[in-house]
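Peer 1: Okay, sequence plus prediction incoming.
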Amino acid sequence: MVVGDPGWPFRLMTMITLMSGTAFIMWLGEQISERGIGNGISLIIFAGIVASLPSAIVTTFSYVRQGELGPLVLLLLAALMVVTIGAIIFVERGQRRIPVQYASVWWGAACTAGSRPICRSSSTPRGSSRRSSRRRY
């Protein structure tokens, strides 16, 4: 429904509704994160995408049936999805190898030379340092 004459009361009500809805979603995401279920806001965004996926697939196939979208375009779209998912997995699994130099250690008269192990660092760090600091005992 389109509002013919959106006056100030309508605009004010719209702003209040959008702000309170956003604050509620942020609070809900924070509650999910605090309970340790996962990254709350990301889970809410993912749930919204997954919820709209079936209707998007049905709409795409109806476009193909009606001739608005060609089968070649559908194949290219599917290939683009597979490549995108593969690129996300590639970046997510990537590691950066950072060489670390330790100092020499003296044990009595013996000296152990400094070793050079590798510190593996993910390109997309996971987890939250906040969760460990909020543990309840």
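Peer 2: Right, received. Where do you want to start? Numbers count the residues shown, from 1 in each chain.
Peer 1: And the helix or strand hosting residue 91, what does it pack against?
Peer 2: Assigned by DSSP states H and E, residue 91 falls within helix 71-93. The contact analysis (3 or more CB pairs under 8 Å, 6 or more residues apart in numbering; DSSP states H and E) places helix 71-93 against helix 40-66. All C-beta spots, glycine's among them, are computed from the backbone N, C-alpha and C.
Peer 1: angle of the helix it packs on against helix 71-93?
Peer 2: For helix 40-66 against helix 71-93, the angle by axes from the mean of the first three to the mean of the last three CA atoms, to 10 degrees is 160 degrees.
Peer 1: Distance check, residue 37 against residue 28.
Peer 2: In this structure, residue 37 and residue 28 are 11 Å apart, going by CB to CB, to the nearest Å.
Peer 1: Actually, residue 87.
Peer 2: 30 Å.
Peer 1: Could I get the pLDDT score of the most centrally placed residue in the chain?
Peer 2: In the chain, the C-alpha nearest the mean C-alpha coordinate belongs to residue 42, at 5.1 Å (CA atoms, centre = their mean). Here, the pLDDT recorded for residue 42 equals 89.
Peer 1: Then residue 18?
Peer 2: Confidence score, pLDDT, at residue 18: 97.
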